[in-house]
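Undergrad: Provided below for reference: sequence and predicted model.
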Amino acid sequence: MSAKRPFRIAILDMYNNHPNEGLRNIKEIVSEEYLKAEWNVYDVRGKGEVPGLDYDVYISTGGPGSPYDGEDKQWEQDFFQLMDGIWNNNANSQEEKKYVFAICHSFQLLARHFNLGKVCKRKSTAFGVFNIHKTENARKDPYFRTLPDPFYAVDSREWQLIQPNAEEVISHDAVVLAIEKRRDHVPYERAIMAMRLTPYIYMTQFHPEADASGMLHYFKMPEKKQHVLEHHGDWKLEEMIMHLSDPDKIPLTHEALLPAFLRDARETLSLT
């Protein structure tokens with residue numbers, strides 16, 4: 001680079017005005033002093049806001065509902081056009097690379113857009129803190145290799161990616177980094193939980209941005225606690241609190257992935 005400039009991050013808010021903790025978590029991460037980042041939030045689903053290609057990193061959040069809700073809607077067309085623009089930019093050896101980290105709902109959207117496999121509804125909702133297994137590819141990945149096997153993450157979803165499309169996986173230089181926990185008591189295929197498309201695009205079905213202390217506070221709030229009790233039972237609440245209180249679970253995942261990804265992007269671009 002001939003001149004120094006700020007490190008710029010776009011947060012693509014996919015929550016559609018739905019109450020959440022993910023956006024708060026991401027804002028806290030990008031606000032860390034060491035990143036020295038300028039960042040903006042774009043309300044993609046609620047207001048149809050989609051940035052241009054003038055950012056270094058794009059963090060696309062989780063969100064409610066079906067990954068097919070945006071079909072034939074302008075916001076989804078604009079979002080996919082942005083992703084194609086980033087892909088084409090990165091394919092040009094003369095251009096500075098753009099980085100993408102897609103989480104949960106955005107993971108499903110990119111899987112659809114790039115036709116990476118079958119995006120379908122689960123038999124039942126996944127909600128809680130679960131163990132996730134690394135693949136052989138993860139053992140060589142700069143971020144996932146630092147995590148134990150299995151590692152733990154917050155998971156909240158009704159949809160999943162299964163049956164990877166080998167042709168598209170190869171054409172997008174993609175590798176599977178993590179798969180769903182082993183469930184020997186059910187005859188279902190284990191879902192893909194994380195992928196890397198080239199060194200610049202990471203996708204996680206789980207929520208790596210989740211911080212244990214914030215979530216503990218969140219689920220101890222009377223209205224949130226009651227919601228979990230009504231929809232998932234007291235055993236699920238107790239299990240989540242136990243996992244969130246363990247320093248060797250969610251805190252490890254929180255530190256290993258998104259913050260490290262952002263640090264490396266900044267260092268690679270040699271920005272001020």
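TA: Alright, I've got the coordinates.
Undergrad: drop to CA atoms for contacts and neighbour counts, all remaining ones
TA: Noted.
Undergrad: for the nearest residue to Leu177 once chain neighbours are set aside, what are its contacts?
TA: Here the nearest residue to Leu177 in space, its sequence neighbours aside, is Ala138; by CA to CA, 6 or more residues apart in numbering that works out to 4.7 Å. Ala138 makes contact with 144-145, 176-178, according to CA atoms under 8 Å, 6 or more residues apart in numbering.
Undergrad: and for Arg45?
TA: Remark: with contacts taken as CA under 8 Å, 6+ apart, Arg45 is in contact with 13-16, 75-76.
Undergrad: likewise for Tyr68?
TA: Applying CA under 8 Å, 6+ apart, the residues near Tyr68 are Leu109.
Undergrad: how close does it get to His113?
TA: 11 Å (CA to CA, to the nearest Å).
Undergrad: would you map the helices across the stretch 1-150 of the chain?
TA: With DSSP state H, counting those that start in this stretch, the ranges of helices along the stretch 1-150 of the chain come out as 22-30, 44-47, 74-91, 105-113.
Undergrad: avg pLDDT for the first one?
TA: Right, the one you point to is helix 22-30. Along helix 22-30, the predicted confidence averages to a pLDDT of 96.
Undergrad: and it, C-alpha only, in CSV?
TA: Taking Å, rounded to 0.1, in the frame of the first residue of the first chain, the C-alpha atoms of helix 22-30 are listed here in CSV:
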residue,chain,number,x,y,z
GLY,A,22,-25.3,-11.1,18.8
LEU,A,23,-25.1,-7.5,17.5
ARG,A,24,-24.0,-6.2,20.9
ASN,A,25,-21.3,-8.9,21.0
ILE,A,26,-20.0,-8.0,17.6
LYS,A,27,-20.0,-4.3,18.4
GLU,A,28,-17.9,-5.0,21.5
ILE,A,29,-15.4,-7.0,19.5
VAL,A,30,-14.9,-4.5,16.7
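Undergrad: can you give the contact residues for that helix?
TA: Residues outside helix 22-30 that contact it (CA under 8 Å, 6+ apart) are 9, 13, 37, 39, 61-62, 207, 209-211, 259.
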